[in-house]
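S.K.: please work out how this folds:
(2 chains)
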Amino acid sequence: GEQVEQLPSSLIVQEGASVLINCSYTDSASVYFPWYKQEPGKRLQFIIDIRSNMERKQNQRLTLLFDKKTKHLSLHITATQPGDSAIYFCSARLSGSFNKLTFGAGTRLAVCP
Amino acid sequence: EAAVTQSPRSKVAVTGGKVTLSCHQTNNHDYMYWYRQDTGHGLRLIHYSYVADSTEKGDIPDGYKASRPSQENFSLILELASLSQTAVYFCASSGRDRGDTLYFGAGTRLSVL
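M.R.: Next comes the predicted model:
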């Protein structure tokens, strides 16, 4: 089945820095890639997504890049703030599946003031 | 905002005992899901349901049963809890369209001793 890998598993940055979170998947039949964020003590929440017919999507300080050939995504967060501290999860959905997501293990981001 | 409520928030169970985790959503969503999260791993789908009185197996259903008595309620049942089922369990709901955002509960931390 589909496998999703995220790197790095954790990173620590100073406030204001930019970060890059990488995600790779194995099944070329995956067509939809939502990302979720889990802040400390809070529930997972959707932050951004991209479909396989797109290369780039931006939402404020978040930019998601998608490379279908290499089966790779990267989430770029600019001007980080302490409130960005969270675990970020990449996920993938296969074409034809109802809404079944395969999640990566997550990237723990800590932004220090 | 979508509301998914899980109970209990934490539980300690004995090996071989029966455990029931409950989930209630007020989003009027058709789909409900149970995921399991282990340290260092992504969320893995245990069971899901797209209509009341019907449940489907996810990727790791062994050792778990599910029940969907109404659109709003979805339970996860461990008939004979085992040490390996110690984990954090998340319930989620979504609309019926592919690509619909998942709305998560706050999670239940289960420890089997």
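
S.K.: can you tell me which residues contact B:Ser49?
M.R.: Neighbour list for B:Ser49: B:31-33, B:55-56, B:66, B:68, B:74 [criterion: Cβ atoms under 8 Å, 6 or more residues apart in numbering or on different chains]. Quick note: C-beta positions are derived from backbone N, CA and C, even for glycine.

S.K.: filter these by proximity to chain A?
M.R.: For chain A, the contacts drawn from these by Cβ under 8 Å from any Cβ of the partner chain are B:Tyr31.

S.K.: want to throw the contacts of B:Ser49 into JSON lines with distance to A:Ile48?
M.R.: Output for the contacts of B:Ser49, formatted as JSON lines (distance: Cβ to Cβ, whole Å):
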{"residue": "B:Tyr31", "distance to A:Ile48": "21"}
{"residue": "B:Met32", "distance to A:Ile48": "24"}
{"residue": "B:Tyr33", "distance to A:Ile48": "20"}
{"residue": "B:Thr55", "distance to A:Ile48": "30"}
{"residue": "B:Glu56", "distance to A:Ile48": "28"}
{"residue": "B:Ala66", "distance to A:Ile48": "30"}
{"residue": "B:Arg68", "distance to A:Ile48": "30"}
{"residue": "B:Phe74", "distance to A:Ile48": "27"}
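
S.K.: any idea what A:Leu62 is bridged to?
M.R.: Beta-bridge pairing of A:Leu62 under DSSP bridges involves A:Asn59, A:Ile77.

S.K.: and the gap between it and B:Arg9?
M.R.: 30 Å (Cβ to Cβ, to the nearest Å).

S.K.: quick one: residues contacting the residue of chain B found nearest chain A.
M.R.: In chain B, the residue found nearest to chain A is B:Gly42; the distance is 3.4 Å by Cβ to the nearest Cβ. By Cβ under 8 Å, 6+ apart, B:Gly42 lies in contact with A:4, A:6, A:89, A:91, A:102-106.

S.K.: who's more crowded, A:Leu62 and B:Arg9?
M.R.: Comparing A:Leu62 with B:Arg9 by other Cβ atoms under 10 Å in any protein chain shown, the one with more neighbours is A:Leu62, at 17 against 11.

S.K.: so that one makes contact with A:Ile77?
M.R.: Yes - when contacts are counted by Cβ atoms under 8 Å, A:Leu62 is listed as touching A:Ile77 (5.9 Å).

S.K.: distance of A:Ser73 from chain B?
M.R.: Not Ser; residue A:73 is Leu. When distance is defined by Cβ to the nearest Cβ, to the nearest Å, A:Leu73 is 14 Å away from chain B.

S.K.: just give me the neighbour total for the residue nearest to that residue when sequence neighbours are not counted.
M.R.: Using Cβ to Cβ, 6 or more residues apart in numbering or on different chains and skipping the chain neighbours, the partner closest in space to A:Leu73 is A:Cys23 (4.4 Å). Residues lying near A:Cys23 (other Cβ under 10 Å) number 24.

S.K.: any idea of the mean pLDDT in the host helix or strand of A:Cys23?
M.R.: Taking DSSP states H and E as the definition, A:Cys23 sits inside strand A:19-25. The pLDDT scores in strand A:19-25 average 98.

S.K.: what pairs with that strand, parallel or antiparallel?
M.R.: Looking at strand A:19-25 with DSSP bridges, its partner strands are strand A:4-7 (antiparallel), strand A:72-77 (antiparallel).
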